[in-house]
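Colleague: A predicted structure for the sequence below; I have some questions about it.
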Amino acid sequence: MNPMNIGDIASWLIAQGLKGSSEMEILDGFCERCRKSELPIDRGLALIDTLHPVYEGRAFQWDGIAKEHRAFEYGPTVDGTEADNWMRSAFHHLRTSGGDEVRRRIGFGEAADFFMLDTLLAAGHKDYIAMIHRFAEDSHIGEMDCFYSHWSTTAPNGFSEDGLFALRKLVPVLALAIKSASLVRISRTIAEVYLGEDAAKQVLEGRISRGKAERISAALWFSDLQNYTRISDSLPPDEIIPFLNDYADAVISSIHEAGGNVLKLIGDGTLAIFKSEDPEEACGRALRAEHLLRDKLQGLNARRNAEGRPVTEVYLGLHIGDVFYGNIGSSDRLDFTVIGPAVNEVSRIASLCRFVDRSIVMSSGFVSAAPPPRDGEMVSIGRYALRGVKKAQELFTLMPLEPEEVKED
């Protein structure tokens, strides 16, 4: 490869990193440009660990023969088939040996002794090189401490010395560009996991000034678990977190599927909002989330009963009102959340579920704004004085319809 081409490709990689191109776009463009510059890459794989509650990392594969590319997540590699494949990989060899690269000229009699090399050999690949580029220790984020890549070719003579020289010069620049894209992805993921999608979006757009908040009207959701204190007191310590996770997953996934945003997890409690310019739409989304939740709880409780594990139900309060949505806290510790009387009221409404023995209690304001529910009717349960609220309020619950009365979508 001409040294000028190396410089051109390196410049392109830097531009893509600055531009914010995706990892797959970067790898795709890199491989295509190498081939046009007579560096015969026929297959490339880039792999980088991440910081994610489910996935260990992301991989990006480019195949010039099949004319396809794909990006995919991979889970933990600590046990099972995944662990066995990892232990047999060239990347694990480099990780444990301290080396920077390992080459196998599999088409010329060298051993296909790493994972997947036999598949590459059967597909006609002649030469293979795997590389690891380590990051400085103080720049680690989670398990993202290095960049792995491997490259193979079907060229009759394998990689030339000039080709290897080009790869050694260019792959570190590729690593930097992909690391840049992955860091953006990690920032977004962590913000969404801990703040919620909407709050994360606003924070990442720069709305982080202390005291900066906007007044919005939203449907408010506050839920918690029935008999949580009694159940948690009777559970072995290692069962409490799985119990909470099961029910939190049902609640949170229902809210998200209906277009809501979870703002806070408070022990077994969940505070969420449904934003919309149209109050009826916001309340309709909240009712949709409630419907989804009851379906999920039915399946979850059936499974946990079959496993001999404790089950519970979710108490839910629904309200609508104006709140301040934004940053509250100190100069070095902020929370992006909602505050205002309506937030206090929805938590008080939810707490009445125990008193009136109903799984859902709604304010009159919510009922007035909401569309008719498809599987029940809203029935008054009387006027109640909420703790900390001066004026008594009429509250409602949702009474299920008989099966023949249920409305069709």
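Modeller: Okay, I see it.
Colleague: Alpha carbons only: can I get whichever strand or helix holds R383 in PDB?
Modeller: In this assignment (DSSP states H and E), R383 forms part of strand 376-384. Backbone C-alpha positions of strand 376-384 (Å, rounded to 0.1, in the frame of the first residue of the first chain) are rendered in PDB as follows:
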ATOM      1  CA  GLY A 376     -63.300  -1.200  32.700                       C
ATOM      2  CA  GLU A 377     -65.300   1.700  34.000                       C
ATOM      3  CA  MET A 378     -64.200   4.500  36.400                       C
ATOM      4  CA  VAL A 379     -66.200   4.500  39.600                       C
ATOM      5  CA  SER A 380     -66.200   7.000  42.400                       C
ATOM      6  CA  ILE A 381     -65.000   5.700  45.800                       C
ATOM      7  CA  GLY A 382     -65.900   8.900  47.600                       C
ATOM      8  CA  ARG A 383     -64.100  12.000  48.900                       C
ATOM      9  CA  TYR A 384     -60.900  11.700  50.800                       C
END
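Colleague: what about that strand, distance to the chain center?
Modeller: 38 Å (Cα atoms, centre = their mean, to the nearest Å).
Colleague: That one pairs with which strands?
Modeller: Next to strand 376-384 in the sheet, as set by DSSP bridges, lie strand 393-400 (antiparallel).
Colleague: The partner strand - what's its average pLDDT?
Modeller: The average pLDDT within strand 393-400 is 90.
Colleague: Begin at 896, not 1, for the rest of this chat.
Modeller: Happy to do that; since the first residue is 896 now, the last one works out to strand 1288-1295.
Colleague: and it, which residues are buried?
Modeller: Counting neighbours by 16 or more other Cβ atoms under 10 Å, one finds that the buried residues in strand 1288-1295 are Q1288, L1290, F1291, T1292, L1293. The C-beta positions use only the backbone N, C-alpha and C, and glycine is treated the same way.
Colleague: Could you pull out the buried residues of the longest strand anywhere in the chain?
Modeller: As assigned by DSSP state E, the longest strand anywhere in the chain is strand 1209-1225. Neighbour-count burial for strand 1209-1225, counted by 16+ other Cβ under 10 Å, picks out 1209-1216, 1218-1222.
Colleague: For V1068, state which of those is nearest.
Modeller: Top of the list for closeness to V1068, among the buried residues of strand 1209-1225 and by Cβ to Cβ, is N1222 at 37.9 Å.
Colleague: I'd like to know how far the closest one sits from G1037.
Modeller: Distance of N1222 to G1037, computed by Cβ to Cβ, to the nearest Å: 26 Å.
Colleague: per-residue confidence averaged over the strand holding R1278?
Modeller: Across strand 1271-1279, the average pLDDT comes to 89.
Colleague: neighbouring contacts of it?
Modeller: Contact partners of strand 1271-1279, identified using Cβ atoms under 8 Å, 6 or more residues apart in numbering, comprise 1247, 1251, 1253, 1256-1257, 1262, 1265, 1287-1296.
Colleague: Give me the local confidence score for G902.
Modeller: Taken from the predicted model, the pLDDT recorded for G902 is 94.
Colleague: how close does it get to I936?
Modeller: 18 Å.
Colleague: Have a look at the two and say which one is more surrounded.
Modeller: I936 (21 against 12; other Cβ atoms under 10 Å).
Colleague: Validate this expectation: the more buried one resides in a helix.
Modeller: No - the assignment for I936, made by DSSP: H, G, I helix; E, B strand; the rest coil, is coil rather than a helix.
Colleague: got the residue ranges for the strands in this structure?
Modeller: Under DSSP E, the chain gives strands at 938-944, 952-958, 963-969, 996-999, 1022-1029, 1041-1048, 1108-1120, 1156-1161, 1164-1170, 1209-1225, 1228-1234, 1255-1258, 1271-1279, 1288-1295.
Colleague: Just checking: what are the partner strands of the fifth one?
Modeller: Pointing back at strand 1022-1029 there. Strand pairing for strand 1022-1029, determined by DSSP bridges: strand 996-999 (antiparallel), strand 1041-1048 (antiparallel).
Colleague: Now do that strand against strand 938-944, angle only.
Modeller: When axes from the mean of the first three to the mean of the last three Cα atoms, to 10 degrees is applied, the directions of strand 1022-1029 and strand 938-944 differ by 20 degrees.
Colleague: neighbouring contacts of strand 1022-1029?
Modeller: 985-986, 988-990, 994-1003, 1009, 1012, 1015, 1040-1048, 1050, 1053-1054, 1059, 1062, 1066-1067, 1070.
Colleague: Of those residues, keep whichever come out buried.
Modeller: With burial judged by 16+ other Cβ under 10 Å, the buried subset of the contacts of strand 1022-1029 is 985-986, 988-990, 996-999, 1001-1002, 1009, 1012, 1015, 1041-1048, 1050, 1053-1054, 1059, 1062, 1066, 1070.
Colleague: Contact partners for the most centrally placed residue in the chain?
Modeller: Among the residues of the chain, the smallest C-alpha distance to the mean C-alpha position (Cα atoms, centre = their mean) belongs to T1084, namely 5.4 Å. Shown here is T1084, whose contacts under the criterion Cβ under 8 Å, 6+ apart are T945, L946, H947.
Colleague: re the thing from before, tell me the one of the buried residues of strand 1209-1225 nearest P1236?
Modeller: Using Cβ to Cβ, the shortest approach to P1236 within these belongs to G1216, at 7.2 Å.
Colleague: who are the neighbours in contact with that closest one?
Modeller: Contacts of G1216 were listed using Cβ under 8 Å, 6+ apart, and they are S1112, A1113, L1115, G1235, P1236, A1237, E1240, G1260.
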